[in-house]
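Trainee: Okay, predicted coordinates and the sequence, questions at the end:
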Number of protein chains: 2
Amino acid sequence: METKKVTVHIPATIANLVCGFDILGLALEAPYDIVNLILNDSGNITIKHIDAYNLPEAPLQNVAGVALYALMKAYPSTIGFDVTINKQIKPGSGLGSSASSSAGVVVAANKLLNNHFTNTQLVGFAMEGEKLASGVAHADNIAPCIYGGATLIRSSSPLDIIAIDTPPLFVTVVHPQIEVKTSDARQILKKDVSLKSAIQQWGNIAGLITGFFKSDYELIGRSLEDVIIEPIRSILIPGFNEVKTNCKAVGALGGGISGSGPSIFMFSTTKDIALAVEQEMKKIYNTININYYTYVTQVNKQGIQFI
Amino acid sequence: METKKVTVHIPATIANLVCGFDILGLALEAPYDIVNLILNDSGNITIKHIDAYNLPEAPLQNVAGVALYALMKAYPSTIGFDVTINKQIKPGSGLGSSASSSAGVVVAANKLLNNHFTNTQLVGFAMEGEKLASGVAHADNIAPCIYGGATLIRSSSPLDIIAIDTPPLFVTVVHPQIEVKTSDARQILKKDVSLKSAIQQWGNIAGLITGFFKSDYELIGRSLEDVIIEPIRSILIPGFNEVKTNCKAVGALGGGISGSGPSIFMFSTTKDIALAVEQEMKKIYNTININYYTYVTQVNKQGIQFI
């Protein structure tokens, strides 16, 4: 077997996009991971992290390894991979770090296998990685990571992924350095919701999708309201309410928790507003004395790219 | 004051459009009402029905009267109206019969008053009529009736109405002659729903809106699923499950309960399919021996028209 290798650039993603809990995700230009894959016929996987996060490199304990094993099982002959991951999307940030590893390696592997698998199959393999990371095989980070832009997961079973058009949007993200485990964030949610709140939520998701298709920024802003998940989960994120209020006061359309947190994102129509939003975020976390990272970026439309 | 009169053609409407309970409505080409209004300075309203339904003609007991009074109160000088209603949208059909009367008269009155009021104000007046009819001042029949096409009520308070693009769609409606009161249909709903069902529902509404904007008929079909309201309300409508199953078997995209019933509607992509759907509906109600009306029509894009 000849040596075949490929390097991919994998976007961070926002899942649970405000009123789109569990169904709507979005890919970002920054931050991103870089992953290199070499195909061999060993039947094994080696993983090497060249980053600062001390993630486990044993394949069955690494989301990339688990996703690749799922792909290898579905491939008709014996293959193996040497994987090098340069992770820049911080684990536990709520920006789809685990989805990036899982989706990145299966998309890279598929390229090396001459596109043997469909995108839907790749999402399925990558979801095995998500299952290891959070206990739930969800696709709302993986889908935008692979497809780019905004993606709707209309249904998880059977999987129904639909690309959603979005107008140009600037995205400011703040990642306060506190830990919010996805499993904890899930556990505090109530099993039942009032029909009244549910109706408000589906009015807002319908408004948000309409705003995206019509490039109606005012409507996008009005629809960025989550009456069900955010009131509960935001309690886990110090400074959340101030971030939302102050960022909207300087012109942000709106925003919310990225994934299950702790990152918070805000949409803006111009780079100037997005930078002003960043200043507000910095002021708040400086005041309450929590370390943070910020990103001022845009929607990534391409998904995973080969470099 | 000179005698001013106007005649309007008012479309039937479908509210609670499957997964869009309380937020999504659609105007139909048929059936429709015809209403004539004469403006005077009497400070009073007279209502005459030239149809077969024995509706009350006392203004405070007629939805058109109540809606007109709301408009008259907001107008700066003393006015009055003589109203003649030829109702073809059967009361209690679930096809927006009361909304037609309420919306029709206020739109007609506004024309006679040289468009003194905005459309949003007219919706507010007409909602007073809906309150009389069903106890709830909802806008999801009134909005599509006035605006035409599909309309989203993102929020009722404050009122936020948004037009939704739809691709060409044929609509087959069957109105089985049984009584389902809107107030009863509301009462049997559960106050709480599971978060899991709510997520399915907002995945479907997002899919339906996306399908409308992308003219993706397959996606529209897959998204026409209501896991919350329909399982409860359909129990009140004999033949409901058979109608859905058999109509989809002959090619309908999908459909559901119109408003709070008892009418059932199905979407189709061609007139031939819409007619085949009608045959299936007829077969079912002939078999279970319930009288019915059917309509094969299309989406009304104009709303209320002056004739």
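Mentor: Everything's here; your move. Residues are numbered from 1 along each chain as shown, chains lettered A, B, ... in the order given.

Trainee: for chain A, what's the longest helix?
Mentor: helix A:195-214 (DSSP state H).

Trainee: What's the mean pLDDT across it?
Mentor: Mean pLDDT, helix A:195-214: 98.

Trainee: now for the helix or strand following that helix, which elements pack on it?
Mentor: Using DSSP states H and E, the helix or strand that follows helix A:195-214 in sequence is helix A:217-223. Here helix A:217-223 touches helix A:195-214, strand B:150-156, going by 3 or more Cβ pairs under 8 Å, 6 or more residues apart in numbering or on different chains; DSSP states H and E. C-beta here means a position set from N, CA and C on the backbone, and glycine is covered the same way.

Trainee: Let me see the mean pLDDT of helix A:217-223.
Mentor: Rounded mean pLDDT across helix A:217-223 is 98.

Trainee: Can you give the distance of that helix from its chain's centre?
Mentor: From the chain centre to the centre of helix A:217-223 is a distance of 22 Å (Cα atoms, centre = their mean, to the nearest Å).

Trainee: So which residues make contact with that helix?
Mentor: A:19, A:167, A:204-208, A:210-212, A:253-254, A:267, A:269, B:154-155, B:160, B:162 (Cβ atoms under 8 Å, 6 or more residues apart in numbering or on different chains).

Trainee: right, is the longest strand seen in chain A up against chain B?
Mentor: As assigned by DSSP state E, the longest strand anywhere in chain A is strand A:24-40. Yes: Strand A:24-40 lies within reach of chain B by Cβ under 8 Å from any Cβ of the partner chain, at A:Leu24.

Trainee: what is the orientation angle of that strand with helix B:195-214?
Mentor: Counting by axes from the mean of the first three to the mean of the last three Cα atoms, to 10 degrees, strand A:24-40 lies at 90 degrees to helix B:195-214.

Trainee: State the next helix or strand along the chain beyond strand A:24-40.
Mentor: Next element after strand A:24-40 (DSSP H and E): strand A:45-49.

Trainee: who touches that next one?
Mentor: For strand A:45-49, using Cβ under 8 Å, 6+ apart, the contacting residues are A:55, A:57-59, A:62, A:64-65, A:68-69, A:72, A:80-87.

Trainee: Can you name every helix or strand that the helix or strand harbouring A:Glu278 contacts?
Mentor: Per DSSP H and E: A:Glu278 is located in helix A:271-287. Contacts defined by 3+ Cβ pairs under 8 Å, 6+ apart place helix A:271-287 against strand A:170-176, helix A:240-249, strand A:264-268, strand A:292-298.

Trainee: Dump the C-alpha coordinates for the worst-scoring helix or strand of chain A on mean pLDDT into CSV.
Mentor: Across the helices and strands of chain A, mean pLDDT, DSSP states H and E gives its lowest value to helix A:182-187, namely a mean of 78. Extracted C-alpha coordinates of helix A:182-187, given in CSV (Å, rounded to 0.1, in the frame of the first residue of the first chain):
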residue,chain,number,x,y,z
THR,A,182,-22.1,18.6,29.0
SER,A,183,-23.5,15.8,31.1
ASP,A,184,-24.2,18.2,34.1
ALA,A,185,-25.7,20.7,31.8
ARG,A,186,-28.1,18.0,30.5
GLN,A,187,-28.9,16.8,33.9
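
Trainee: To B:Ile288, which of the helices and strands packed on helix A:271-287 lies closest?
Mentor: Among the helices and strands packed on helix A:271-287, strand A:264-268 comes nearest to B:Ile288, with 52.5 Å by Cβ to Cβ.

Trainee: who does that closest one pair up with?
Mentor: Applying DSSP bridges to the sheet, strand A:264-268 is found paired with strand A:170-176 (antiparallel), strand A:254-257 (antiparallel).

Trainee: TSV for those strands, including mean pLDDT, distance to A:Arg186 and mean neighbour count?
Mentor: Listed next are the strands paired with strand A:264-268 as TSV, based on pLDDT from 0 to 100; distance: least, Cβ to Cβ, whole Å; neighbours: other Cβ atoms under 10 Å in any protein chain shown:
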stretch	mean pLDDT	distance to A:Arg186	mean neighbour count
strand A:170-176	98	20	25
strand A:254-257	98	13	25
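
Trainee: A:Ala139 is nearest to which of these?
Mentor: Of these, nearest to A:Ala139 by Cβ to Cβ is strand A:254-257, at 18.5 Å.

Trainee: List the contacts of that closest one.
Mentor: So strand A:254-257 is contacted by A:16-18, A:94, A:172, A:220-221, A:224-226, A:229-230, A:233-234, A:237, A:240, A:244, A:247-248, A:263-267 (Cβ under 8 Å, 6+ apart).

Trainee: can you rerun that using 7 Å?
Mentor: With contact meaning Cβ atoms under 7 Å, 6 or more residues apart in numbering or on different chains, strand A:254-257 is reached by A:16, A:18, A:94, A:221, A:224, A:226, A:230, A:233-234, A:237, A:244, A:247-248, A:264-267.

Trainee: Just the buried ones out of those residues, please.
Mentor: A:16, A:18, A:94, A:221, A:224, A:226, A:230, A:233-234, A:237, A:244, A:247-248, A:264-267 (16 or more other Cβ atoms under 10 Å in any protein chain shown).

Trainee: Dump the helices and strands packed on helix A:271-287 into a markdown table; add distance to B:Tyr32 as well.
Mentor: Converted to a markdown table, those look like this (distance: least, Cβ to Cβ, whole Å):
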| stretch | distance to B:Tyr32 |
| --- | --- |
| strand A:170-176 | 47 |
| helix A:240-249 | 44 |
| strand A:264-268 | 42 |
| strand A:292-298 | 48 |
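
Trainee: so which of these gets nearest B:Thr118?
Mentor: helix A:240-249 (26.7 Å).

Trainee: Can I get the closest one in PDB? Just the C-alpha atoms.
Mentor: Output in PDB follows, covering the C-alpha atoms of helix A:240-249 (Å, rounded to 0.1, in the frame of the first residue of the first chain):
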ATOM      1  CA  PHE A 240     -24.100  35.600  31.400                       C
ATOM      2  CA  ASN A 241     -27.000  38.100  31.900                       C
ATOM      3  CA  GLU A 242     -24.600  41.000  31.900                       C
ATOM      4  CA  VAL A 243     -22.900  39.800  28.700                       C
ATOM      5  CA  LYS A 244     -26.300  39.500  26.900                       C
ATOM      6  CA  THR A 245     -27.600  42.900  28.100                       C
ATOM      7  CA  ASN A 246     -24.400  44.900  27.600                       C
ATOM      8  CA  CYS A 247     -23.600  43.400  24.200                       C
ATOM      9  CA  LYS A 248     -27.100  44.100  22.900                       C
ATOM     10  CA  ALA A 249     -26.800  47.600  24.300                       C
END
